[in-house]
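S.K.: Provided below for reference: sequence and predicted model.
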Amino acid sequence: MTYSMTGYGKVICEYNGRHIAIEIRSLNSKQADLNVRVPSIYRSKEMEMRSMLTSELHRGKIDLNIQRNLAEGESSNQLNEALVKSYHETLKTASNYIDGGGEPSSAEYLNLILKMPDVLTPINEELEDGEYAAIKNGLIDCIKNVKAFRSEEGKTLEDVVKASTQDISSKLVSVEPFENERIERIKSRINASLTEDGADSKSIDEDRLEQEMIYYLEKLDISEEKVRLKAHCEHFLKTLTEDDSKGKKLGFISQEMGREINTLGSKAQHSDIQHIVVGMKDELEKIKEQVLNIL
């Protein structure tokens, strides 16, 4: 099965009235590039969460975002009562030194005090085992959703690269009818160049000419390129059926396909074959573009 590196999943779980939203997004990347944003209470479990993501999603630019909404009436801050009293006494004393004004009301004092430092401090919560169990199960479900998304995207990618590879193979077969014609054209051109200056054809050493012709045609022979390109296309299609992560492997094979296609084009010296090679390059670009997103 082919998986894309593009994926999305979201799960909302509950624990003791708290709503916890878990969201995962993934895009293509050469390596596993994790970006984890979680509330501070979950920091102690961040490494375990990262391990779950890499073991299941393998690679890609993966963003994990967890939002924790407290239950109704629950607060994440606590009031420092002793400090509130101290600030109140200080403000009352300060107001006595100000002439012409009445004493501020309790609401005014409170408004000033709440702006003072350390009046409201975060509650040092300990992560409960039950809450983390709920989060862990939610993360597992979210990862499953991402993998399902990746699977659907992977089917589309597989169809595209498979069709393009088969098209390259078909174009390779279509080169064959032009090969004999191409060789005859090259021979005619060489013979014409030998006699165009008025040289007597009888003075030409036929054996030497044949040797030179064979040497020249061997340099332009495309048989090996055709065989290797065919083998690369078959290897690509076979690799596409593997279940393991194969995006990098497919990328390497497509590079080898590109080398053979380029060599085929440089040796062609035939307009129809050149047109076929251009079509192959177009299909290869489609393959390379899609392979970048295959897991």
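M.R.: Yep, that arrived.
S.K.: which parts of the helix or strand harbouring residue 287 are buried?
M.R.: Here residue 287, judged by DSSP states H and E, is contained in helix 271-291. Residues 273, 276-277, 280, 283-284, 287-288, 290-291 are the ones in helix 271-291 that count as buried (16 or more other Cβ atoms under 10 Å). Just so you know, the C-beta spots here come from the backbone N, C-alpha and C atoms, and that holds for glycine as well.
S.K.: would you turn these into TSV with distance to residue 70 and pLDDT?
M.R.: TSV is the format used below for these (distance: Cβ to Cβ, whole Å; pLDDT from 0 to 100):
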residue	distance to residue 70	pLDDT
273	71	87
276	66	93
277	65	93
280	60	95
283	55	96
284	55	96
287	50	95
288	49	94
290	45	94
291	46	94
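S.K.: columns distance to residue 234 on top of those residues, output as CSV?
M.R.: Below are the buried residues of helix 271-291 laid out as CSV (distance: Cβ to Cβ, whole Å):
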residue, distance to residue 234
273, 21
276, 19
277, 19
280, 15
283, 16
284, 15
287, 14
288, 18
290, 19
291, 17
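S.K.: and which of these is nearest residue 153?
M.R.: The closest of the buried residues of helix 271-291 to residue 153 turns out to be residue 290 (Cβ to Cβ; 10.4 Å).
S.K.: any low-confidence regions in this structure?
M.R.: Applying pLDDT under 70 to the chain picks out residues 73-79, 97-104, 109, 118-124, 184, 187-219.
S.K.: that older thread, and of the buried residues of helix 271-291, the nearest to residue 154?
M.R.: Nearest to residue 154 among the buried residues of helix 271-291: residue 290, at 10.3 Å, using Cβ to Cβ.
S.K.: surely the closest one touches residue 159?
M.R.: No: the criterion here is Cβ atoms under 8 Å, and residue 290 misses it with residue 159 at 9.6 Å.
S.K.: what segments of the stretch 101-250 of the chain are helices?
M.R.: Under the criterion DSSP state H, counting those that start in this stretch, helices of the stretch 101-250 of the chain are mapped to 106-113, 129-173, 176-195, 206-219, 223-240, 247-268.
S.K.: how about those, which one is nearest residue 24?
M.R.: Closest among the helices of the stretch 101-250 of the chain, using Cβ to Cβ: helix 129-173, at 5.1 Å.
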